[in-house]
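S.K.: Got a sequence here, can you build the structure:
(2 chains)
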Amino acid sequence: ILNVEQSPQSLHVQEGDSTNFTCSFPSSNFYALHWYRWETAKSPEALFVMTLNGDEKKKGRISATLNTKEGYSYLYIKGSQPEDSATYLCAFSDDKIIFGKGTRLHILP
Amino acid sequence: DVKVTQSSRYLVKRTGEKVFLECVQDMDHENMFWYRQDPGLGLRLIYFSYDVKMKEKGDIPEGYSVSREKKERFSLILESASTNQTSMYLCASSLSSGIVNEQFFGPGTRLTVL
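M.R.: The predicted structure is shown next:
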């Protein structure tokens, strides 16, 4: 059974601080790693899709890295803002897509 | 912008009722998916479809069926609703060539089965 693990489960960060969290996935039969942001009362929205070992993607203050050989991806948020409060999901693809349980990020004013 | 709509945001049904959850996407996407989301369990795939009239079981298909008669519409059916099917149901779609492309999600249907 394939497992996608995200840590931590929940995180409280002071506004203005930077933070990061982890997604671990099976390192065999890799196709892609997805990151989604899911704000309360909204639909999950895609942040990044990464396919190559060593990939780094950036969107504004948010960036992600990928290591397919060791099976992990990091999501970084620089200078956290209140609008960053959300659940961040990662999803691993081999022949189907498997989601992690998410990291719930709370930004403290 | 891709738009994925679901027929209801909130739904309350009784045990044993037949329940239809409808999902429509407007961007001609090949792939459509149904998930349920429960606290502490994350998103779990129920069924998916790569083409019209085609369906594949996901991780938790028991108690559910699906229908895809038209490309833009993917329906989830609970033949006889049970209380353990109380959950948030999310529909998603993506372009063809499957699992590498990002998925676009609908707003979700929160189903309560009494």
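
S.K.: In the sheet, which residues pair with B:V66? Tell me.
M.R.: B:V66 forms beta bridges with B:L76, as assigned by DSSP bridges.

S.K.: Let me know the average pLDDT across stretch A:52-68.
M.R.: Average pLDDT, stretch A:52-68: 95.

S.K.: do the same with stretch B:86-94
M.R.: With pLDDT averaged residue by residue, stretch B:86-94 scores 95.

S.K.: tell me what the helix or strand bottoming out on mean pLDDT in chain A is packed against?
M.R.: Ranked by mean pLDDT, DSSP states H and E, the weakest helix or strand in chain A is strand A:97-99, scoring a mean of 87. With contacts taken as 3 or more Cβ pairs under 8 Å, 6 or more residues apart in numbering or on different chains; DSSP states H and E, strand A:97-99 sits against strand A:86-93, strand B:42-49. For every residue, glycine as well, the C-beta is placed using N, CA and C.

S.K.: Figure out which of those is closest to A:N3.
M.R.: Proximity to A:N3 (Cβ to Cβ) singles out strand A:86-93 among these, at 9.0 Å.

S.K.: List the contacts of B:Q25.
M.R.: Counting by Cβ atoms under 8 Å, 6 or more residues apart in numbering or on different chains, B:Q25 touches B:V2, B:K3, B:V4, B:T5, B:M32, B:E72, B:F74, B:S93, B:F104.

S.K.: That one pairs with what?
M.R.: In this entry, B:Q25 is beta-bridged to B:V4, by DSSP bridges.

S.K.: Flag every residue of chain A that's near chain B.
M.R.: Counting by Cβ under 8 Å from any Cβ of the partner chain, chain A comes close to chain B at A:31-32, A:34, A:36, A:42-46, A:49, A:51, A:89, A:91, A:93-102.

S.K.: rerun at 10 Å
M.R.: A:1-2, A:4, A:6, A:9, A:31-32, A:34-36, A:38, A:41-51, A:87, A:89, A:91-102 (Cβ under 10 Å from any Cβ of the partner chain).

S.K.: So A:E15 is in contact with A:I77, correct?
M.R.: No. Using Cβ atoms under 10 Å, A:E15 is not in contact with A:I77; the gap is 11.3 Å.

S.K.: Who has more neighbours out of those two?
M.R.: Counted by other Cβ atoms under 10 Å in any protein chain shown, A:E15 and A:I77 do not tie: A:I77 has more neighbours, with 21 against 13.

S.K.: and B:R110, backbone torsions?
M.R.: Backbone geometry at B:R110, expressed as degrees, to the nearest 10, gives phi -90, psi 110.

S.K.: On the three-state scheme, A:E83 is what?
M.R.: Under DSSP: H, G, I helix; E, B strand; the rest coil, the three-state class of A:E83 is helix.
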